[in-house]
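> from the sequence below, what's the structure:
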Amino acid sequence: MSSFSEAALEKKLSELSNSQQSVQTLSLWLIHHRKHSKTIVHVWYNELVKAPVSRKLTFLYLANDVIQNSKRKGPEFTQDFAPVIVDAFKHVYKECEDGCKKQLGRVLSIWQERAVYENELLDQLSRVLYGEKKPTKRSYESIQALNDNFAGQTSPAEPPQTSELIRALQELENATSEDSLLRQRISSLPAEVQDTSLLHRITDKESGARFSRQVDDACMLLADYSGRLAAEIDDRRQLTRTLTSFLQSQRDGLVHNEHKLEEYKRKLARVSQVRKELRSRLNNLPGGHHNSST
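Residues are numbered from 1 along each chain as shown. The predicted model follows:
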């Protein structure tokens, strides 16, 4: 997966489209680089403000996807989005006016249902959209249905662009699973940090403190590697879906072009027949033979 930089993030945000695939792909990249969460949120907010009205809502869809799907790896994004999310809602609502109130309400309903944030912050978001009047709480089924479908207004079945596919393949060239040095570090961890039955070897506080640091380092190393592998698995699953969609679009294109080829072959045969009969007719007309190029 490509390395992180503010320039790279700005470029990816500029390429973000209002499709589920685009939102999810960028969300996975951001979650993979969650150690830069504060910078990511800062750049995200600045780019949201600068974005054209037609793309502002997509930025909030992206934030929702990141906030919800990063929770299993850590609280970084939930915490770092909190200070700016109310202003982000205000900005998008003000720019889009009532045109996006329904969509913003969907996001808020999901967060309320799943207690993504504390009630105080959720109430602030509610006041942005509804004033002091609180909207009727939706059922879990309606929230789930909205959550499954809200990420984009365009069809998720839209075939991927070849450039997107190439970029996804290139990003996996430096995948976590191919990091031999990191795997070697993990395989070199002492047996003591992986076996509770060996804890009896600790006989004094000094050795215990030293061993505690080893265990903490091992936990951080394994947690980070596990998180990166989970992100890579998500990337590969997304790539599998993208490839499936791409292959289907190629099959559909092949069938379509085969039908077109047959149609144009029939048209060519008819035109060739007209040309043949026209030449024959011209040759039989008074005034001599008519010469035409083949």
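> how distant is stretch 28-44 from the center of its chain?
Distance of stretch 28-44 from the chain centroid (C-alpha atoms, centre = their mean, to the nearest Å) equals 13 Å.
> same deal with stretch 62-75?
12 Å.
> now it: buried residues?
Neighbour-count burial for stretch 62-75, counted by 16 or more other C-beta atoms under 10 Å, picks out 62-70, 73. Yep, even glycine has a C-beta here, placed from its N, CA and C like the rest.
> in the stretch 151-294 of the chain, which spans are helices?
Remark: helices assigned in the stretch 151-294 of the chain by DSSP state H, counting those that start in this stretch are 162-171, 180-187, 205-284.
> so for Ile31, which of these sits nearest?
helix 205-284 (5.9 Å; C-beta to C-beta).
> against which helices or strands is that closest one packed?
Applying 3 or more C-beta pairs under 8 Å, 6 or more residues apart in numbering; DSSP states H and E, we find helix 205-284 packed against helix 20-32, helix 162-171, helix 180-187.
> residue contacts, the nearest residue to Glu76 once chain neighbours are set aside?
Excluding the flanking residues, the one nearest Glu76 by C-beta to C-beta, 6 or more residues apart in numbering is Ser37, at 4.0 Å. Ser37 makes contact with 76-77, 79-80, according to C-beta atoms under 8 Å, 6 or more residues apart in numbering.
> let's see which of those residues end up in helices.
76-77, 79-80 (DSSP state H).
> and the residue nearest to Gly74 when sequence neighbours are not counted, how many neighbours?
Leaving aside its chain neighbours, Gly74 sits nearest to Arg34 (6.3 Å; criterion: C-beta to C-beta, 6+ apart). Residues lying near Arg34 (other C-beta atoms under 10 Å) number 20.
> going forward can the numbers begin at 47, since that is how I track them
Sure, I'll start numbering at 47, so the last one becomes Arg80.
> who are the contact partners of Arg80?
86, 116, 119-120, 122-123, 273.
> which of those residues lies closest to Ala97?
Closest approach between the contacts of Arg80 and Ala97, by C-beta to C-beta: Ile86, at 15.6 Å.
> OK, contacts around the closest residue to the closest one other than its chain neighbours?
Counting by C-beta to C-beta, 6+ apart, Leu76 is the residue found nearest to Ile86 once chain neighbours are left out, at 5.6 Å. Counting by C-beta under 8 Å, 6+ apart, Leu76 makes contact with 55, 86, 108, 112, 116, 123.
> hmm, who's touching the helix or strand the third one falls within?
Spelled out, that is Leu108. Secondary structure assigned from DSSP states H and E places Leu108 in helix 99-116. Residues from elsewhere that reach helix 99-116, judged by C-beta under 8 Å, 6+ apart: 59, 62-64, 69-70, 72-74, 76-77, 80, 90, 93-94, 97, 122-124, 127, 131, 134-135, 137-138, 141-142, 146, 149-150, 153, 156-157, 160, 162, 196-198.
> now the angle from it to helix 66-78?
Orientation of helix 99-116 against helix 66-78 (axes from the mean of the first three to the mean of the last three C-alpha atoms, to 10 degrees) gives an angle of 50 degrees.
> chain center to helix 99-116, what's the gap?
10 Å.
> what do you get for stretch 83-93?
17 Å.
> picking that back up, which of the contacts of Ser83 sit farthest apart?
Phe123 and Gln125, at 7.3 Å, using C-beta to C-beta across the contacts of Ser83.
> ok, and the most crowded of the ones in helices among the contacts of Ser83?
That'd be Phe123 among the ones in helices among the contacts of Ser83, by other C-beta under 10 Å, with 25 neighbours.
> list the contacts of that one.
76-77, 80, 83, 86-87, 112-113, 116.
> farthest pair within the residues you listed?
Ile77 and Val87 (12.7 Å).
> one step back: closest to Ser233 among the contacts of Phe123?
Set against Ser233, the nearest of the contacts of Phe123 by C-beta to C-beta is Arg80 (25.2 Å).
> per-residue confidence at that closest one?
Reading off the confidence values, Arg80 has pLDDT 89.
> so in the chain, where's the weakest helix or strand by average pLDDT?
Between all helices and strands in the chain, the lowest mean by mean pLDDT, DSSP states H and E belongs to helix 186-195, at a mean of 45.
> that's all I had, so thanks and see you.
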